[in-house]
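In: Starting from these lines, generate the structure:
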Amino acid sequence: MTPRELAQDLMARGAAVLPLRSDKSPVTHLVHDGFHDASSDTRDLWWFEHEDTEMVGLVPGSLGLIVLDVDTKGERSGIDELNEIAPGWGHNDAWGAVVGTPSYGRPYGRPTGYHAYLAKPITAEHIGNHDLCPGVNVRSDAGYVVAPGNMAYEFTHGDLTGCLLAPDWVMERLRAAAKAEAEVSLDDPYDIPDARMEAVHEWHPKVTAAFSSFDPQGDRHTSMTVAVAALCNHELLGYPGATRALFILEENFTKAVRDRSDEWAARREFRRALDGGRARVRSTVSIGLEERDKDRQFVEQIILEHGGSQEDVEKVLSQHPSHLRMFTMRELMASDLTLNWLVRNVMVVPTYGQIAGEKKTLKTYLSQYLAVAVATGEPFLRQFPVEKQGNVVMFVGEGGKIPWTRRMPRIAESVGIRDIGDAPIHAVFQTAPLLSPAFKGTVETAIEQLDPVLTIIDPFYAYHGSETNSANIHEEGALLTAVAAPFIEHGSNLLIVNHFKKGSESRGINRITMAGSGEWVDSWIFTEERESADLNSGDFYIAAEFGSRQWGGSRWEIDFNIGVQNAMGEEPDSPIHFELRRSYS
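Out: Presented below is the predicted three-dimensional model:
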């Protein structure tokens, strides 16, 4: 059974499923927030045809089930523990529906564990991730398991239709664990004197290096403790961003282990490492944290005394300049004040902004039309002249490489371009947080080697990362400004594809999701439905607004026919047709 067939069968039962890699981790560029994005909607079946999808994950709670993940390895296994708690329960004949689980990397041979499927006594009761006992973990509503039907994950007893009701002793233990966690109160370790909570783009390079040493895909515990120890030292020395990095690292560690560890257990593990790291550095160096920013000589002395160089001193101090640049009116009047167009009456250069709109308003299509126009010099939508042709870089975070690539020649042909193969468009299909070394390094390389006139990031949420709170206008503003800075400095354009708020009755930039986006944009392309799309014919009726704080804007109506996906959900091969006309409504 293929992943798509298995996912379709589970969806038909009402299950929420998600795509997994061969190592059982979620395919995060398809399901950005892991199992939280699991779906029972058949429109998401294309996830399971993607080249990165090897297996299907199942959220047991979506079927009203609880899964006991029983480990049989070691001198005392989960089976031994179950027998001690409830005699007779340490045998898989007693569990009803049982799946044998293989050892990682060894799909064949004797199972090294079991998944016992039990039915909830109260279907609506939320069951979190807990340890039922040593060697037995529980997954239900707050996690996922590799679904039965995947390779080497077959039922050895029963099936999903024959799950036994979870016995009282199991439910009592789970409810007691949930109650104990609800009563836990963790002190905030970041409430320290003059705690530095800098924006990520202000971090000291050593802080960034220590933060980046955490490996969520490798030995998560060891790499976390190493990163924490280094960051505690940097925090004491006053390196910008160290406290903020510790705050974010806790969230990243918690997310990295939440598929196998309860959130509170993960946080307690991190706090122990944090407390130990701070105790160690304070026992060797006694420095008042409240003094670290008050005296330049003090900062310099401390850094040099503890192995830092004069270059380190300058880097720290340079991130906190004593004043901001002022221009005289003479300097301003002597500067170039010409309004230069990238695409006339659509976008000036340099600028930055967003393509934003409701779902199913062809935002990605318009971004591809714009890329084709700028790369080839042909008019955008056959209407708007391109005045600066050049390289285009596109970060493509959803939809997949194959559908995107199949669409590009269809878009080109719809505007009279026969061959798109030599167009200077450079696409990236991997995702990474906007402020991560991987993303920033890719941008630096692109600017240095390609000299792009336009870069498009599609969509925002796929690259957002966890460094900032999307509901905090100040953090989001700093994030967007940091991302745009290298492009503006280079004199090129940046566009980020984003969504409108659901059910919003406001107009214009106030509708863009994520705090700070509307305040940040300098230029924009907004899309919305004029009337509902006809998915059976591929007809879409949208309104598009092209605008900027620099020149104003205009509104247009576009009728698209993009064709119809086949039964497998694949990108159509038929020509794309569109009609464009000015709107004054």
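In: Quick one: the helices in the stretch 251-400 of the chain, in order.
Out: 263-284, 296-305, 310-318, 329-334, 363-376 (DSSP state H, counting those that start in this stretch).
In: Repeat that for the stretch 1-150 of the chain.
Out: Using DSSP H, counting those that start in this stretch, helices in the stretch 1-150 of the chain cover 3-12, 78-85.
In: quick one: the strands in the stretch 51-200 of the chain?
Out: Ranges of strands in the stretch 51-200 of the chain, per DSSP state E, counting those that start in this stretch, are 55-59, 65-71, 97-101, 113-119, 130-133, 136-139, 145-146, 155-157, 164-165.
In: Find the one among those strands with the highest mean neighbour count.
Out: Comparing these on average neighbours per residue, with mean count of other C-beta atoms under 10 Å, the densest one is strand 55-59 at a mean of 28. For the C-beta atoms, the positions are set from N, CA and C on the backbone; glycine is no exception.
In: Could you tell me the angle between that one and strand 113-119?
Out: 40 degrees (axes from the mean of the first three to the mean of the last three C-alpha atoms, to 10 degrees).
In: Using CSV, write out every CA atom in strand 55-59.
Out: The C-alpha trace of strand 55-59 is given here as CSV (Å, rounded to 0.1, in the frame of the first residue of the first chain):
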residue,chain,number,x,y,z
MET,A,55,5.5,7.0,5.7
VAL,A,56,2.1,8.1,7.2
GLY,A,57,1.7,9.3,10.7
LEU,A,58,-1.5,9.0,12.7
VAL,A,59,-2.8,11.1,15.5
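In: which residues touch it?
Out: Residues outside strand 55-59 that contact it (C-beta atoms under 8 Å, 6 or more residues apart in numbering): 3, 6-7, 10, 15-22, 24, 26, 35, 38, 48, 141, 143-151.
In: Apply the buried test to the residues you listed and list what passes.
Out: 3, 6-7, 10, 15-20, 24, 26, 35, 38, 48, 141, 143-150 (16 or more other C-beta atoms under 10 Å).
In: Show me which strand runs longest in the protein.
Out: Longest strand in the chain by number of residues (criterion: DSSP state E): strand 523-534.
In: mind listing what's buried in that strand?
Out: 523, 524, 525, 526, 527, 529, 533.
In: Stretch 553-567 too?
Out: Neighbour-count burial for stretch 553-567 [16+ other C-beta under 10 Å]: 553, 556, 558, 560, 561, 562, 563.
In: swap in stretch 36-43?
Out: So, applying 16+ other C-beta under 10 Å, buried residues of stretch 36-43: 37, 38, 39, 40.
In: got a list of what the second one touches?
Out: Residues in contact with residue 38, defined by C-beta under 8 Å, 6+ apart, are 16, 17, 18, 31, 57, 59, 62, 144.
In: would you turn the residues you listed into a markdown table with pLDDT?
Out: As requested, the contacts of residue 38 are exported to a markdown table (pLDDT from 0 to 100):
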| residue | pLDDT |
| --- | --- |
| 16 | 92 |
| 17 | 94 |
| 18 | 93 |
| 31 | 82 |
| 57 | 93 |
| 59 | 91 |
| 62 | 89 |
| 144 | 89 |
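In: Kindly provide the whole-number mean pLDDT of stretch 347-354.
Out: In this model, stretch 347-354 carries a mean pLDDT of 91.
In: just stretch 150-164 next, same as before
Out: 86.
In: Span of that stretch from start to end?
Out: 22 Å (C-alpha to C-alpha, to the nearest Å).
In: Figure out how far that stretch is from the centre of its chain.
Out: Offset of stretch 150-164 from its chain centre (C-alpha atoms, centre = their mean, to the nearest Å): 33 Å.
In: Same question for stretch 382-400.
Out: With C-alpha atoms, centre = their mean, you get 23 Å for stretch 382-400.
In: buried ones in it?
Out: 383-384, 386, 388, 390-400.
In: As CSV, could you dump the C-alpha coordinates of that stretch?
Out: Output of stretch 382-400 as CSV, limited to C-alpha atoms (Å, rounded to 0.1, in the frame of the first residue of the first chain):
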residue,chain,number,x,y,z
ARG,A,382,1.1,41.4,-20.9
GLN,A,383,0.3,44.9,-19.6
PHE,A,384,3.0,46.4,-17.4
PRO,A,385,6.5,47.1,-18.9
VAL,A,386,9.6,45.7,-17.1
GLU,A,387,12.2,48.5,-16.7
LYS,A,388,14.9,46.5,-14.9
GLN,A,389,15.3,43.0,-16.2
GLY,A,390,17.6,40.6,-14.3
ASN,A,391,18.1,37.6,-12.0
VAL,A,392,15.2,36.4,-9.8
VAL,A,393,15.6,34.2,-6.7
MET,A,394,12.5,32.4,-5.4
PHE,A,395,12.2,30.6,-2.1
VAL,A,396,9.4,28.1,-2.6
GLY,A,397,8.2,26.7,0.8
GLU,A,398,5.0,24.9,-0.2
GLY,A,399,3.4,23.1,-3.1
GLY,A,400,6.5,21.1,-4.0
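In: Look at residue 239 and say how many residues are nearby.
Out: Neighbours of residue 239 under the rule other C-beta atoms under 10 Å: 29.
In: scratch that, residue 495
Out: Residue 495: 27 neighbours (other C-beta under 10 Å).
In: now the buried residues of strand 523-534 as a markdown table including pLDDT?
Out: Shown next, in a markdown table, are these (pLDDT from 0 to 100):
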| residue | pLDDT |
| --- | --- |
| 523 | 90 |
| 524 | 91 |
| 525 | 93 |
| 526 | 91 |
| 527 | 91 |
| 529 | 90 |
| 533 | 89 |
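In: Tell me the one of the buried residues of stretch 382-400 nearest residue 541?
Out: Nearest to residue 541 among the buried residues of stretch 382-400, counting by C-beta to C-beta, is residue 383 at 17.6 Å.
In: which residues touch the longest strand of the chain?
Out: 346-348, 351-358, 360-363, 366, 370, 493, 495, 500, 508-509, 511, 539-550, 557.
In: partners of residue 146 in the sheet?
Out: When assigned by DSSP bridges, residue 146 has beta-bridge partners residue 57.
In: quick one: it and residue 20 touch, right?
Out: Yes - the pair residue 146 / residue 20 is scored as a contact, 6.7 Å apart, by C-beta atoms under 8 Å.
In: so where do the strands sit in the stretch 351-500 of the chain?
Out: Under DSSP E, counting those that start in this stretch, the stretch 351-500 of the chain gives strands at 352-357, 392-396, 425-428, 454-458, 493-499.
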